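Asker: Got a predicted model here, sequence first, then my questions.
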Amino acid sequence: RLFSDKEKQHPQERSMAMSTIGGLSLRTPIVRLQHGSQRSRVHQVQSGATRLPLRRHMPVTMTATGETTVSWETLQTRTADRVAGYELRPNAVPSSSAGPSLPTEPSLSTSKRVLLYRDTNAWCPFCERVWLALEEKGIDYDTAFIDLRDKPVWFKQMVPTALVPAATIDGELVWESLDILIKLEEAFPTPALLPPPGAERERVLELVSSAEAVGGAGYRFLRGGGFGEEPDESKVPALREEFEAKLADLESVLGESSGPFLAEDFSLADICAAPALERLASNLPAGRGFDLRRNPAYPRLADWYAALDARPAYRRVKADDDTHNLVIRNIFGTNLSAAPENPAAAAEDRGAAAAEAAAKLSKNHSAVVADILLNAGIGLSNIGPN
């Protein structure tokens, strides 16, 4: 994912995206800008295996794996719907955002009722919970990004736990994701994500805990141990059994409702379950060869994933498999070398992320061209207006 709010904090990483956009198969070197800098590590623009020299007045094009050449203008037209609401944040961390954001500074103020403080990269599943609820409810809100590797002093002084997410809701500071979700429900009761007080409401809140248990068991199976523990492959068979038992419980719960969600209607239970199960659906095929999203042993869970993917709000916050796998590999040191059980489905999932990456590349056209010229030793002053 290129120059997005889900941007990884590893500026020298480079990946190759394969995508089909409007019938054109694009093979594009994808490089991200270094935070807080105009300089990145763009190495080359490729046409097959041929390096294209940059010439004076030469229009930069995206070149397909076959004979078709795609202009920047064509790419912008074909990918415009994928960058709705996307904004650039020059000289800021992150360098772009999926929606409106404020500068990260102690004197933050907003005229909106909600200000969300969340991580810069959308790695945090607890931040995703709150973000998803805000989008589901259609709340007009502002975002302030907190760099988890360099948290501002003022933020640590403001929030007792010094953790994200945090939010100000009608001027009141709230932290811990579930507390924020419940406060949002009180302040913005429609559309409802919790039933009225009573037995069904308590059941939804209990389902939140059940979903967290599934996520925890999945994480232990993936890593071969719990958080902070040394991975031990000898424990994996038992950890798999534990995880599959939790999945069977979840499958049973899904069977108790008449629809595809954990309760009768989409609720906070689904919002709290989604980030963890989204990450496991990315990590487990790569880490354990375990296809969670399409596993025939859990057909109701497959229906839940499909129903979740159909929600516009979820599609706006959902990350891609590559991002999730990069995080678990680089941050937690987990080996992700297993062959997927369903290679065709895995390739289909990658296609959507690659298409978004192409859209972000197009949106950042000016910066990309300037950076290529800079790294080529040319510079904008040495070429014409075209």
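Answerer: Good, I have the coordinates. Numbering: from 1, shown residues only.
Asker: Can you tell me the SS state at the most centrally placed residue in the chain?
Answerer: Closest residue to the average C-alpha location of the chain: Ala319 at 2.6 Å, with C-alpha atoms, centre = their mean. For Ala319, the secondary structure call by DSSP: H, G, I helix; E, B strand; the rest coil comes out as coil.
Asker: What does it show for phi and psi?
Answerer: Main-chain torsions, Ala319, degrees, to the nearest 10: phi -90, psi 180.
Asker: from memory it sits against Glu278, does it?
Answerer: Yes: counting by C-beta atoms under 8 Å, Ala319 does reach Glu278; the two are 7.3 Å apart. No exception for glycine: its C-beta is placed from N, CA and C like everyone else's.
Asker: quick revisit: any idea how far Asn121 is from the residue nearest to the centre of the chain?
Answerer: Distance, Ala319 to Asn121, by C-beta to C-beta, to the nearest Å: 9 Å.
Asker: shaky segments in the stretch 1-150 of the chain?
Answerer: For the stretch 1-150 of the chain, the stretches with pLDDT under 70 are 1-68.
Asker: how about the strands in it?
Answerer: 14-21, 24-31, 46-47, 50-51, 61-63, 69-71, 87-88, 96-97, 114-119, 141-146 (DSSP state E, counting those that start in this stretch).
Asker: Could you list the buried residues of stretch 112-127?
Answerer: For stretch 112-127, a neighbour-count test (16 or more other C-beta atoms under 10 Å) marks 113-127 as buried.
Asker: actually stretch 130-145, sorry about that
Answerer: Those would be 130-137, 139, 141-145, for stretch 130-145 by 16+ other C-beta under 10 Å.
Asker: Same check on stretch 225-234?
Answerer: Neighbour counts over stretch 225-234 (16+ other C-beta under 10 Å) mark 225, 231 as buried.
Asker: Report the buried residues of stretch 78-87.
Answerer: 78-79, 82-83, 86.
Asker: Out of the residues you listed, which is nearest to Leu239?
Answerer: For those, the minimum distance to Leu239 (C-beta to C-beta) is 37.8 Å, reached by Arg82.
Asker: OK, contacts around the nearest residue to the closest one once chain neighbours are set aside?
Answerer: With sequence-adjacent residues excluded and distances taken as C-beta to C-beta, 6 or more residues apart in numbering, Arg82 is closest to Ala359, at 3.8 Å. By C-beta atoms under 8 Å, 6 or more residues apart in numbering, the contact list for Ala359 reads 79-80, 82-83.
Asker: Check which helix or strand Ala359 maps to.
Answerer: Here Ala359 sits within helix 343-363, counting by DSSP states H and E.
Asker: Convert the helix or strand following that helix to PDB, retaining C-alpha atoms only.
Answerer: Once the chain leaves helix 343-363, the next helix or strand it forms, by DSSP H and E, is helix 365-375. This file holds the C-alpha atoms of helix 365-375, laid out as PDB (Å, rounded to 0.1, in the frame of the first residue of the first chain):
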ATOM      1  CA  HIS A 365       2.200  11.500  -9.400                       C
ATOM      2  CA  SER A 366       4.000  14.800  -8.900                       C
ATOM      3  CA  ALA A 367       6.000  13.600  -5.900                       C
ATOM      4  CA  VAL A 368       6.900  10.400  -7.600                       C
ATOM      5  CA  VAL A 369       8.100  12.100 -10.700                       C
ATOM      6  CA  ALA A 370      10.100  14.600  -8.700                       C
ATOM      7  CA  ASP A 371      11.700  11.900  -6.600                       C
ATOM      8  CA  ILE A 372      12.600   9.800  -9.700                       C
ATOM      9  CA  LEU A 373      14.300  12.900 -11.200                       C
ATOM     10  CA  LEU A 374      16.100  13.600  -7.900                       C
ATOM     11  CA  ASN A 375      17.500  10.100  -7.600                       C
END
